[in-house]
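> Predicted structure and sequence below. I'll ask about it afterward.
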There are 2 protein chains.
Amino acid sequence: MKLGRFVVEGLDGPVHRICLVLPEQGRVIDLRAAEALRLQTQGATREASLRLASALFPESMSAAIALGQQFLDSAAQAAEKRGDDASLAIDVIKWGAACDPSVVRDGLTFTKHIRQFHERMNVTPQPALLDIPGYFKGSPWTVIGNDAVVPWPAKGQRIDYELEIGWVIGKLANNVSPDDALSHLFGVTIFNDFSARDLQANEFAIGMGPTKSKDFAYGIGPWITTIDEFKSLNNIAMSVRVNGETWGEGDTSEMLWTPEELIAYVSIDDHIQPGDVIGSGTMGNGSALEIGRSLNPGDLVELEVAGVGVLRNRIGEKKADGWWPEKRQPFM
Amino acid sequence: MKLGRFVVEGLDGPVHRICLVLPEQGRVIDLRAAEALRLQTQGATREASLRLASALFPESMSAAIALGQQFLDSAAQAAEKRGDDASLAIDVIKWGAACDPSVVRDGLTFTKHIRQFHERMNVTPQPALLDIPGYFKGSPWTVIGNDAVVPWPAKGQRIDYELEIGWVIGKLANNVSPDDALSHLFGVTIFNDFSARDLQANEFAIGMGPTKSKDFAYGIGPWITTIDEFKSLNNIAMSVRVNGETWGEGDTSEMLWTPEELIAYVSIDDHIQPGDVIGSGTMGNGSALEIGRSLNPGDLVELEVAGVGVLRNRIGEKKADGWWPEKRQPFM
């Protein structure tokens, strides 16, 4: 099942609708509308049908996933009974971010990327990389969806994409074991960890994790494919195109840490929440940095992941300079 | 005004109540209850009074702060009119975390701590520390309140506190200028950035920011003091006691970056949300590391901040070993 969100203009401003995506048919089904119609057919009043349909298919994908199996069962039922009457053409909708994670987390998994990243950044890989799965936490407030323009980051000059899988969590949990981790995985989406390479060096040196080099945009979408549609997680084909030209291709093999280990590690002492997204880490050749290139305003970046689809974002224009901190005098 | 949250057992499990705290009188006022009583006096039905009181004083402190000035006005009005009838003794309530931030962020501000931290960890301070305000992002799912037991972190051995101010954000904003930053500050709370020093070295080396060394507990409380009660933000007295013995004292002077600059920097490209907490960074002598000590199970840690109060947490017992990743073979 493929599930996403689109945006419609409501009486009080834009609202998100959860949809079942049927890429082959070129349609999406507005699940709230389909479920309300189904309930009305069974005798519900309009008001009561909308109340229940809104509880089953709220604006937040995280809130929907938090309903557990009921979400998937209700989606299947609503689509089957009244999907035709609540469907829209896929090419006219305005996409929202597929997920609204409570925390964005992003791992470091693919050995080819790790090797090439260190070579390009001219830094020595730390032995610590072999001890624990490294991951960073990103702001959930800069998540963008398919077709959204990527805001050009303040002071950034060398802008990059990162081609990643987004593992979407299905259950609230902590201290999950790797053996049990897959049962906590709701689905797979595409994750573009946009980066300002020139800002990254200082942030890397400070060691507290990325801030302004990453917290300007996390692309998530175009939708989520539920986990049952994947036979295996370590041979998913991936590619990236910039302005229609392929800049990188590969798959999810050569993992330093499996998705099961990454999920288990993230959940130690901490809590993973339904709808949280954990980036897989960048695929080898999945960043422009690795091939000695970078992005310009207006560039169109398309990430493709087999079994999901294509996440497409255009890079926005540079902005007028805002405030930036003044360098301090040494105090040590 | 001092505002906090306490926990009561509801029909479906524990719920949070927002309260006005009157430390001198040894009382707290349940604001939802006081407002419902006030509305009933004016002719509201019980049901309608609870509906409006719950909207004004929801479980989430972030949701309440998001109401802007209305939250403070309603709190003052409810407390004045019916506070006596909705008050409880301060020493019988079970505290919740004062805030439920959407993101925990924590800065690096006090030069004395930065100097002493680097000496103790035997690492060379990076010039980057002078370029930009370093901060990390923590999981919001491990926030704990006053009197809560600190879960001992997996694999951690050398556990520490960090004595910090928590700057509580009052408004949704991005790209705030330092000149305007104070108008986005709702109040001041106490922030204990508990740390596992032995886990920190590997995570620091990876450069993606702290994960398991920090994301096991962030102490926030006991309550928030609104910003109008502070004449100045750079001479707030702070101290830490462990098992009743003073381990560190100081104040908020000697800042590398002002709170205004920290808030402004955090807001660049990203969004700050009502109820978000930004840790000030650790005060000089505000960690056991700096004085060559560490914590043991059962230790009672009390952080005191003038104008707020005392945030008190006991360190929990060590747990049985759970899963931990196996070291990988070098691949470069």
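Now that the structure is in, tell me what you want to look at.
> quick one, helices of chain A?
Here chain A has its helices, by DSSP state H, at A:31-41, A:46-56, A:61-65, A:69-82, A:111-121, A:178-181, A:197-206, A:259-267.
> Just give the number of residues close to the residue in the stretch 151-300 of chain A that chain B sits nearest to.
Proximity of the stretch 151-300 of chain A to chain B (Cβ to the nearest Cβ) peaks at residue A:209, 2.0 Å away. C-betas here are computed from N, CA, C, even on glycine. Around residue A:209 there are 27 other residues, counting by other Cβ atoms under 10 Å in any protein chain shown.
> where's it relative to residue B:204, distance?
Here the criterion is Cβ to Cβ, to the nearest Å. By it, residue A:209 lies 10 Å from residue B:204.
> what do you get for residue A:189?
Counting by Cβ to Cβ - residue A:189 and residue B:204 are separated by 31 Å.
> And residue A:218, by the same measure?
In this view, residue A:218 and residue B:204 are 24 Å apart by Cβ to Cβ.
> Those two: which is more packed in?
Comparing residue A:218 with residue B:204 by other Cβ under 10 Å, the one with more neighbours is residue A:218, at 28 against 19.
> isn't that one right up against residue A:105?
No. Counting by Cβ atoms under 8 Å, residue A:105 is not a contact partner of residue A:218; they are 10.5 Å apart.
> Give me the common contacts of the two.
By the contact definition Cβ atoms under 8 Å, 6 or more residues apart in numbering or on different chains, residue A:218 and residue A:105 are jointly contacted by residue A:138.
> Of the helices of chain A, give the one that comes closest to residue B:307.
Closest approach to residue B:307 among the helices of chain A (Cβ to Cβ): helix A:197-206, 30.0 Å.
> tilt between that closest one and helix A:111-121?
Angle between the axes of helix A:197-206 and helix A:111-121 is 100 degrees (criterion: axes from the mean of the first three to the mean of the last three Cα atoms, to 10 degrees).
> Check which helices and strands the worst-scoring helix or strand of chain A on mean pLDDT is in contact with.
Lowest by mean pLDDT, DSSP states H and E among the helices and strands of chain A is helix A:111-121, with a mean of 86. When contacts are defined as 3 or more Cβ pairs under 8 Å, 6 or more residues apart in numbering or on different chains; DSSP states H and E, helix A:111-121 packs onto helix A:197-206.
> quick one: the helix it packs on near chain B?
Yes. Using Cβ under 8 Å from any Cβ of the partner chain, we find that helix A:197-206 touches chain B at A:201, A:202, A:203, A:204, A:205, A:206.
> Let me know the closest of these to residue A:61.
residue A:203 (29.3 Å).
> before we move on, back to that, export the helices of chain A to CSV and tack on distance to residue B:53?
Listed next are the helices of chain A as CSV, based on distance: least, Cβ to Cβ, whole Å:
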stretch, distance to residue B:53
helix A:31-41, 30
helix A:46-56, 22
helix A:61-65, 24
helix A:69-82, 31
helix A:111-121, 53
helix A:178-181, 42
helix A:197-206, 45
helix A:259-267, 37
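> residue ranges with poor pLDDT in the stretch 201-332 of chain A?
Scanning the stretch 201-332 of chain A for pLDDT under 70 picks out nothing.
> Quick one: the strands in the stretch 101-250 of chain A, in order.
Applying DSSP state E, counting those that start in this stretch to the stretch 101-250 of chain A gives strands spanning A:104-107, A:135-138, A:143-144, A:149-150, A:159-160, A:163-169, A:185-193, A:195-196, A:218-226, A:237-242, A:245-251.
> ranking those by burial, who's on top?
Of the strands of the stretch 101-250 of chain A, the one with the most neighbours on average (mean count of other Cβ atoms under 10 Å in any protein chain shown) is strand A:163-169, at a mean of 29.
> Strand partners (parallel or antiparallel) of that strand?
strand A:185-193 (antiparallel), strand A:277-279 (antiparallel) (DSSP bridges).
> Off-centre distance for the last one?
Same thing as strand A:277-279. In terms of Cα atoms, centre = their mean, to the nearest Å, the centre of strand A:277-279 is found 7 Å from the chain centre.
> Domain map for chain A?
Per the record, chain A has its domains at A:2-95, A:104-315, by automatic domain parsing.
> So the shortest one, near chain B or not?
No. If you take Cβ under 8 Å from any Cβ as the test, domain A:2-95 misses chain B, and the best it gets is 12.4 Å.
> Is stretch A:253-272 in proximity to chain B?
Yes. Shown here: stretch A:253-272 in contact with chain B (Cβ under 8 Å from any Cβ) through A:256, A:257, A:261, A:264, A:265, A:266, A:268, A:269, A:270, A:271.
> quick one on the thing from earlier: distance to residue A:135 added to the strands paired with strand A:163-169, as TSV?
Formatted as TSV, the strands paired with strand A:163-169 follow (distance: least, Cβ to Cβ, whole Å):
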stretch	distance to residue A:135
strand A:185-193	11
strand A:277-279	7
